[in-house]
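Asks: Build me a model from this:
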Amino acid sequence: AQAIRAQLRHAVCEWSQKLSAESAAQIELRGMGATVVAALLSRRSVHLAHLGDSRAYVFRRRRLLQLTDDHSVVGILLRQGEITPEQAHSHPAQGRLSRFVGMEGEVLPDVKTVGLKKGDQLLLCSDGLTGMLSDKQVASVISTNLQCHETCQRLADAANASGGRDNITAVLLRWQ
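Replies: Reported below is the predicted structural model:
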């Protein structure tokens, strides 16, 4: 597991360096960045790497559990207890990232391994989804047990209906 996490970390760092170099070389791309959440599945677990505010969740026993911490100013304030989840949605620093793909300086992706159980559902998504829907709304859609592609479409439709202010990405995997 440690070797897999090291490979994931290296891949994200390499991608970040390439994006940073490309954006520095072209004036119209200067300052460009991205977020990433990546998963590598093994027999009984998932290895995750992420930078930014794209997220990974597991839906287990009708509960949605966030597996990643946002690399954002608002995420830091939440973890330090300086703001509440309700305040986070309208905070002036909303969308300001502390770490992201393509940033200057040392890139520090979070990498972890999480055990999965039969019946778990793994959701990888961008902030275009989580910025528009609460965890409760996301859990409600996932709990319908539609086909994975239908569930993702319903999540995207719900995020768009709530304002759809950003790109929306959702990938759902069911663990058998």
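
Asks: Quick check: next helix or strand after the worst-scoring helix or strand of the chain on mean pLDDT?
Replies: When the helices and strands of the chain are scored by mean pLDDT, DSSP states H and E, helix 85-88 comes last with a mean of 86. Counting by DSSP states H and E, the element after helix 85-88 in chain order, helix or strand, is strand 110-115.

Asks: Just the CA trace of that next one, in CSV.
Replies: The C-alpha coordinates for strand 110-115 follow below in CSV (Å, rounded to 0.1, in the frame of the first residue of the first chain):
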residue,chain,number,x,y,z
ASP,A,110,-2.8,14.2,0.4
VAL,A,111,-2.6,10.5,-0.2
LYS,A,112,-4.4,7.8,1.9
THR,A,113,-5.7,4.3,1.8
VAL,A,114,-9.3,3.5,2.9
GLY,A,115,-10.8,0.1,3.4
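
Asks: By residue count, tell me the biggest helix in the chain.
Replies: With DSSP state H applied, the helix covering the greatest number of residues in the chain is identified as helix 2-25.

Asks: could you say what helices and strands it packs with?
Replies: Packing contacts for helix 2-25, counted by 3 or more Cβ pairs under 8 Å, 6 or more residues apart in numbering; DSSP states H and E, involve strand 36-41, strand 45-51, strand 110-115. In short, each C-beta sits where N, CA and C put it, glycine included.
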